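Novice: Make a model of this:
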Amino acid sequence: MAKFQIQVYNQIASHGLHRFPAARFTVGKAIEAPDAIVLRSHDLRNVPIAPSVKAIGRAGSGTNNIPVADMSKRGVPVFNAPGANANAVKELVLAALLMSARNVLPALAYVTSLDPAAPDLEARVEEGKKQFAGVELPHRTLGIIGLGAIGSLVADIAIKLGMKVIGFDPEITVDAAWRLPLRPPQGQEPLRDEQVSGARVDRQVSGARVDRRGTSRRRIARAAARGTRALRASTRPRHGAGPGNSCA
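Specialist: Presented below is the predicted three-dimensional model:
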C-alpha cells in the first residue's frame, strides 16, 4: 500500500510527528507531491501549493499564514490547534505582569550599572532600591480583551493572585465561557446581575462586558448558546421555501 506523503515546514515537535507511523506515512521537507502539509509559522500565502495536497495542518492557533480562502475553493480543509500553547503564553503574560509591577528590568539595569568594587556599594544599593519598589498585585485591576483559551487562563491566574479582572469578548463561545473561573476569591462577593451588562444576542453574541470579581459563566454560556441557536435557525431552510415563497 502506498504511503501518505506529509510535507513539514519549520521545526515540528517529534512527539507530534510520532502520530504519523512510518509504516503508513512518509514525513519530510523535500516531498514533491504531498498529500498533506504540516507547518507552524511558515508563510504559505505566496508559495505554490501542490495540487496533490488534501489537507493543511497548522501546529498553532492562527491561520493568517495560510491562504484559507484559496484552499476552501479547492476543497482543502485547513486545521489548526487552538489552545495548544495557551499555558505557555499564560506563563509569559504572568512573567511580564510581575516584571512590570515590580520594576524588575529597571532594577536589573540599575544593579548592572553599579561598580562592585566601589567602597559605597552597599549604601548606593540601599539608597537606589527605593525607586524600584513597584506595586503588589492583589486588589489591582487587570483588563483582558479576548476570553479564549489564553484569556481564560490569564483571568484564572490573576484572580488567584487576588486581582480584580475585567474581561471583554464580543464573540465568546460556550466552551470559552465554561473555562472561565468558577468561584470568586475568598472574601469577595459573587457577581451581581447588574455587573454583567451589554450582552446582545442576535446572530452572534456581541458587546459582552464581564466583571470577573465573581462568576457569571453560566449566564455567559447560556447567552452564547442562544446566539449559536439563533445563527443556526437563521441559516436553516424553511419548509415550503421555493419560487414565489418568502423565507423572511
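Novice: Now do the contacts for the residue nearest to the spatial centre of the chain.
Specialist: Centroid-nearest residue in the chain, with C-alpha atoms, centre = their mean: I150, separated by 3.9 Å. Contacts of I150 were listed using C-beta atoms under 8 Å, 6 or more residues apart in numbering, and they are G83, A86, V89, K90, V93. The way it works is simple: take the backbone N, C-alpha and C, and place the C-beta from them, glycine included.
Novice: Helix, strand or coil: sort out the third one for me.
Specialist: In terms of secondary structure, V89 is helix; the call rests on DSSP: H, G, I helix; E, B strand; the rest coil.
Novice: what's the closest non-adjacent residue to it?
Specialist: I150 (4.9 Å; C-beta to C-beta, 6 or more residues apart in numbering).
Novice: That neighbour belongs to a helix, doesn't it?
Specialist: Yes - I150 forms part of a helix when assessed by three-state DSSP.
Novice: For it, give its distance to A123.
Specialist: Distance of I150 to A123, given as C-beta to C-beta, to the nearest Å: 45 Å.
Novice: now do I66
Specialist: The gap separating I66 from A123 is 59 Å, by C-beta to C-beta.
Novice: neighbour-wise, which of these two wins?
Specialist: Between I66 and A123, counting by other C-beta atoms under 10 Å, I66 is the more crowded of the two (23 against 10).
Novice: show me what contacts the residue lying closest to A55 once chain neighbours are set aside?
Specialist: Once flanking residues are discounted, A55 sits nearest to A36: 4.5 Å by C-beta to C-beta, 6+ apart. By C-beta under 8 Å, 6+ apart, the contact set of A36 is F4, Q5, I6, Q7, V53, K54, A55, I56, G57.
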